[in-house]
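Participant: Structure of the sequence below:
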Amino acid sequence: MGAKAPALGVAANEITPGTPTRDDAFRVTWFPQIPRIQQGDGKREQSSGGSCIHLWQYKGHENRIDVSRPTTRRTKMAEAVAIEPFVKIDGFPFVVCRKCRFACVAKEVSSHLRDRHTSMEVKERRRVAEQVCSITGIIQDQAGLAAFTFPPRTTDPIPFIAPPEQDGLRCIDEACRYVTRTVIGMQKHCRKVHGWKNSWVRGGDIARRAKQARDVPWTTGVRCQRFFRSRAASGWFEVCGDTVTPCQQSVPAVDMMQHVTQIHRAQVGKFDARSEDTVKVANDKTEPSGWLDRTGWAQHLDGSDRPRLRETMRPIQPEEPVLQAMWDSLSRVIDQARSTATSTKVGAPALFEVQRKQIHIKPSRPFDNRMEDDSWARYKDAWRKLLCVLHRTQVDEPEFMPPYRLTKRQCSAYDAFADAAEERPQAADPEASDERMDRLALEMVMSWLDHQFKESHYDNTMISGLAVMGMRDDGGWVPAIDYTPIYSAVIKVARMLVVSHSYSERQDEVAKLMETMDEEEARETATSIFTIVRRKVQRFMTVTTHKPDALPTPIDWIFGTCTYGMRIRYDTPAGGTIDWEGDCIKHRKVKFSMNTLHNMLHALVGEARDLLSELTVVEPAGIESLPPIEWSRLEDDHSEDRVGYSFLHDQRNGWLSRGDSWVVKRIVESKARCRIWFSEDSRVRASDNPYKAKAVRKYGRTLEQFRERLWMIMHMVAGQPARSTEILGIRHVNTVNGGIRNILAHQRMICFVTSYHKGFRQTGQAKIIHRYLPREVGELLVWYLWLVLPFWQQVQGIVKQADNRCPFLWSDEIVCRTEAESDTERRERLRKEREAGGQHVEEREEWEPESDADPVGFADWIKERKWTSDRARRIIQRHSERLMGTVLTISAWRHMAIAISRRFLNRTFDDGGFGDEDEDGVDDNPADLQAGHGTHVAAMIYARALQQGGFGTAEKRDQFRMVSQQWHRFLGFGADDWSGAGRDGAGAKRRRAPFDSHREEARFQRFARLHRVDIRGELRNMMGDGAAFRGQQEDVIRAVVRGQGPIVQVTGTGGGKSLSFMLPAYCSPEGTTIVIVPLTALREDMHGRCEKNTIDS
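Facilitator: Presented below is the predicted three-dimensional model:
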């Protein structure tokens, strides 16, 4: 029988919702806040017992609280509201967050509110935490949960936590209350607690055995809940009955329209929530997919449980120690294989051989193990997923597994590897155990690769695992454009493993021969590493040959499918991200107008000039007082490769001597500056370091601010943006290894040349790109290199006691000691040595302090931030948000710069020689053809000009210069550079750019609208009905409206000069008028008058 509903007016803590079948109900001491109840969360009712609020219904029983009697019931509600958003359910010693739907112990309430309810104020969080901690019987911390017992399985679903899951597993032992949701977890429990032994053994025909019935000591389909998501008391417990819905109102009658709407919304929710749990083969007539048809994933996995298969790829869990040990071993093997696959260890011929794709074609380049750290992490993760799929499909329920077949060799290799992983915790010698596991891991992977197909290629566990990796979380399949990198990862790592296995095989042979001969003779007698590698490559690492007895292998299938996917990838355009609204460009969430872009870049140049004036100690006079740059006399020898040379060291530039020791002279000539920079202590003045730490720190901060702005300006103004790795590697002087510098002077302009290309390691070819700087930016760079950098190098050398100057423009350290390499060089050395085999040693050394300690206090004097891609990203984000109001990223700017160029600049280059007629886009000249070679060969070899250096052809350089200058013009820079813009340096007539026409058209339209304006009427609208022109005001304004100029108006004080620019601005608000005001007070007065007349200023 059902329990009787409580009478009206019962206190909150006395309400006991009943159920039709059980007596164990829940009492809840939480109530919504009163204002929310009045808005509809509750329903106020009138009865003979008083005024009540309906709170929630539990199995047909309505629970109400009397709010008309202001005694203890009001107090109870106030206490409950004090712990919002938590609820305290009677019978459980913790609170539950009704929004996040899981429980918290008292001392974690504050951190929970801070991390998940960020809108709550600090005082409110502290008050709620204190209120929860004061609840009688509440568990304070995780240690208190150790004695907590889960409710019996006869308990109804508990409200406010997450609703019950339907896929739980319960141990069939009646005395055991263990519940979990994973088969692996239940198997571990049964083995550990009940001594159960799994009858399912590894290997064999999984598809056949999957049809056989199995007896297991657990029950499936159990409804279960849990209070905590992790740590103590986070286990699942069984519940029964219907789910309780808190705050559910009892509505006696429902409007039909509302009822139908709710039904339809519920159906839409079912459509959205539905997903295909079983893999099905689609009809290729109605849903054709060439990629899916080629891979055959759907046919291979047809009928398989999709969620179960996706679960096999999940990260390794703490309850899977065997799998974790297996992956740790395989990870070590892969890292060791990478370090082994180098020419210094196995020789270049072996690397050429392992790079072979077809037996009869030798590759043009040897195998290269170098890659970025993030790429290496992705490559290893692909192999982790392959291992997880194999292991979990061997120990999980067989009916959910893909139908691959392990060969005898594969089955033996996997069993030995898995057994070694299980025995490792009990090993007496962990190092020997790890070494044995590593060998077994390598043998297992070799068995995957050395598998010649007799029937289906999906018999191979690796090909089957790759099919599982093709499933997306949303139920779809990974497209070719995103999947081909996985094939590349498998191929590259497989080649490393083959080289490593061959190297180990030779080492074992040498060790065996050394039992009867000395080491040198043994190494001569043993099989060469090249022969071993060639034998393996020709057997299972190339495409199938034309021999009649040749059989396909996994790598052969991966090669073919990857090639097919790459063709799809390069033929499939990427999704669109750019949109235009007038001159406003949008890229995803980034949006700005061309005018905003111009203003930001010019503002950055202005800020950089101000900072440079401070660095050169010429404020407040300004940057105009610096020694001028004689652009017409600036010389540079692009072919000079002398170490340390730059255009600043060219003897023809004698005028540069005026800037020698510029900053030091400016400091010394002023007593005030000397007091700021130099210590007055006689002992310090006599030492090798006379500088004050405060002055050095301040100068260093200013220098970093200048360099950040200079980097952003060069990145955005020089032309199409370079990759961050290219621009961060720019050198301003020649170096021993790098050769000729990247910063050059050419025909009155400064340019920087980049030669890095993202495919360089694969192709061995770098693209030479010239980017020219406009005069406004070029002079900032020249003044910095000429006046500022030498001084700062000298100061740092004195402070650090260093003697080595860094040649990079964006160096991590301006100077360093010769015996102590720079951070940039150190990171590069660590990366190369890690690739060469010294990873475990270098990782330890990276954190060891230098034996030669820095001078005391040095680290506090000069704090240099590292120039990385991440810092470059933050620079462009910070300044774009500050000056444009939108957060611009490096990737977004790359897309948007290309879109701007296509829209405004493309027609400029219709006849500029940018076609594909030849290797470098240059047509063959008849004179060059008469000489017996094409124009490209002539430009690269014969009669090369002095200023070409080693950077490509002059034609290409001139084309890049044209691109940069058009970009400068569009952004409003480089007006002084066009005086000699012709190819021969003569003052050629400037060609009109497409964006000039847009600007002229906008200006014409603006003046056309002004011509039609009644200026007398507009004057009365602006100044009042009685306003009228005085003197020559009307004549001057009409001349301004007609666009005449220049106009000189001379009137006395109070003569109404300001009306000459205020009235046109009032009539045409879309234009911009620049007003120069000499006095601050007058400027404020002018600003107030503009605001009064609704003119933006």
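
Participant: How is the protein partitioned into domains?
Facilitator: As given by automatic domain parsing, the domain ranges for the chain are 293-565, 586-849+859-872, 998-1071.

Participant: Tell me which of those domains approaches residue 278 most closely.
Facilitator: Closest to residue 278 of the domains of the chain, according to CB to CB: domain 293-565, at 6.3 Å. For every residue, glycine as well, the C-beta is placed using N, CA and C.

Participant: Any chance of TSV for the domains of the chain, columns mean neighbour count and mean pLDDT?
Facilitator: Rendered in TSV, the data for the domains of the chain read as follows (neighbours: other CB atoms under 10 Å; pLDDT from 0 to 100):
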stretch	mean neighbour count	mean pLDDT
domain 293-565	18	91
domain 586-849+859-872	17	81
domain 998-1071	14	75
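
Participant: now residue 770, which residues is it bridged with?
Facilitator: Beta-bridge pairing of residue 770 under DSSP bridges involves residue 753.

Participant: roughly how far apart are it and residue 970?
Facilitator: 18 Å (CB to CB, to the nearest Å).

Participant: Which secondary structure element is home to the most centrally placed residue in the chain?
Facilitator: For the chain, the residue sitting closest to the mean C-alpha position, by CA atoms, centre = their mean, is residue 870 at 9.0 Å. Under the criterion of DSSP states H and E, residue 870 resides in helix 869-884.

Participant: quick one: the next helix or strand after that helix to helix 869-884, angle?
Facilitator: Counting by DSSP H and E, the element after helix 869-884 in chain order, helix or strand, is helix 890-904. Angle, helix 890-904 to helix 869-884, by axes from the mean of the first three to the mean of the last three CA atoms, to 10 degrees: 60 degrees.

Participant: same for helix 890-904, what does it pack against?
Facilitator: Using 3 or more CB pairs under 8 Å, 6 or more residues apart in numbering; DSSP states H and E as the contact criterion, the elements in contact with helix 890-904 are strand 578-581, strand 584-587, helix 693-717, helix 869-884, helix 954-970, helix 994-1011.

Participant: Please tabulate the ones you listed in TSV, including the columns distance to residue 385.
Facilitator: Formatted as TSV, those follow (distance: least, CB to CB, whole Å):
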stretch	distance to residue 385
strand 578-581	35
strand 584-587	33
helix 693-717	37
helix 869-884	27
helix 954-970	44
helix 994-1011	50
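
Participant: Mind checking those for the one nearest to residue 318?
Facilitator: Between residue 318 and these, the shortest separation by CB to CB is 31.2 Å, and it involves helix 869-884.

Participant: Give the partner strands of the one helix or strand residue 169 maps to in its sheet and their orientations.
Facilitator: In this structure, residue 169 is located in strand 165-171 according to DSSP H and E. For strand 165-171, the paired strands and their directions (DSSP bridges) read strand 179-180 (antiparallel), strand 218-225 (antiparallel).

Participant: Helix or strand next in line after the shortest one, which one?
Facilitator: If I follow you right, that is strand 179-180. Proceeding N to C from strand 179-180, the next assigned helix or strand is helix 183-194, under DSSP H and E.

Participant: same question, the longest one
Facilitator: From strand 218-225 onward toward the C-terminus, using DSSP H and E, the following helix or strand is strand 237-238.

Participant: just checking, what packs against the helix or strand containing residue 793?
Facilitator: Residue 793 belongs to helix 789-800 when elements are defined using DSSP H and E. The contact analysis (3+ CB pairs under 8 Å, 6+ apart) places helix 789-800 against helix 662-668, helix 693-717, strand 815-816, helix 858-861.

Participant: okay, the angle between that helix and helix 693-717?
Facilitator: With the same axes, to 10 degrees as the criterion, the two stretches helix 789-800 and helix 693-717 enclose an angle of 140 degrees.

Participant: Figure out how far helix 789-800 is from the centre of its chain.
Facilitator: A distance of 36 Å separates the C-alpha centroid of helix 789-800 from that of its chain, computed with CA atoms, centre = their mean, to the nearest Å.

Participant: what does stretch 773-790 give?
Facilitator: Between the centre of stretch 773-790 and the centre of its host chain there is 32 Å, according to CA atoms, centre = their mean.

Participant: swap in stretch 1015-1026?
Facilitator: For stretch 1015-1026, the gap between its own C-alpha mean and the chain's C-alpha mean amounts to 57 Å (CA atoms, centre = their mean).

Participant: CA atoms only: put that stretch into CSV for me.
Facilitator: C-alpha atoms of stretch 1015-1026 as CSV (Å, rounded to 0.1, in the frame of the first residue of the first chain):
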residue,chain,number,x,y,z
ILE,A,1015,24.7,73.9,-45.8
ARG,A,1016,22.6,76.8,-44.4
GLY,A,1017,19.9,74.3,-43.2
GLU,A,1018,22.5,72.0,-41.8
LEU,A,1019,24.1,75.0,-39.9
ARG,A,1020,20.7,75.7,-38.3
ASN,A,1021,20.3,72.0,-37.4
MET,A,1022,23.7,72.0,-35.7
MET,A,1023,23.8,75.4,-34.0
GLY,A,1024,20.1,76.3,-33.6
ASP,A,1025,17.4,78.1,-35.6
GLY,A,1026,19.0,81.5,-35.3
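
Participant: contact partners of it?
Facilitator: The contact list for stretch 1015-1026, computed with CB atoms under 8 Å, 6 or more residues apart in numbering, reads 1027-1029, 1034, 1037-1038, 1041, 1059, 1062-1063, 1066-1067, 1093.

Participant: report the longest helix in this structure, please.
Facilitator: Within the chain, and with DSSP state H defining each element, the longest helix by residue count is helix 480-513.

Participant: And the next helix or strand past it?
Facilitator: Where DSSP H and E defines the elements, the next helix or strand beyond helix 480-513 is helix 519-525.

Participant: just checking, what packs against that next one?
Facilitator: Looks like helix 519-525 contacts helix 480-513 (3+ CB pairs under 8 Å, 6+ apart).

Participant: closest to residue 436 out of the strands paired with strand 165-171?
Facilitator: Distance to residue 436, taken as CB to CB, is lowest for strand 179-180 among those, at 32.6 Å.

Participant: how near is residue 729 to residue 608?
Facilitator: Residue 729 sits 22 Å away from residue 608, taking CB to CB as the criterion.

Participant: and if you look at residue 422?
Facilitator: Computed with CB to CB, the distance linking residue 422 and residue 608 is 64 Å.

Participant: now swap in residue 336 and tell me
Facilitator: Using CB to CB, one gets 49 Å for the distance from residue 336 to residue 608.

Participant: What of residue 1026?
Facilitator: Residue 1026 is 50 Å from residue 608, where distance means CB to CB.

Participant: ok, residue 738 touching residue 731?
Facilitator: Yes - proximity of residue 738 to residue 731 meets the contact threshold set by CB atoms under 8 Å, at 5.7 Å.

Participant: Between those two, which contacts overlap?
Facilitator: Among the neighbours of residue 738, those also in contact with residue 731 (CB under 8 Å, 6+ apart) are residue 807.

Participant: which residues in the stretch 701-850 of the chain form strands?
Facilitator: For the stretch 701-850 of the chain, applying DSSP state E, counting those that start in this stretch gives strands covering 743-746, 749-754, 769-773, 804-805, 815-816.
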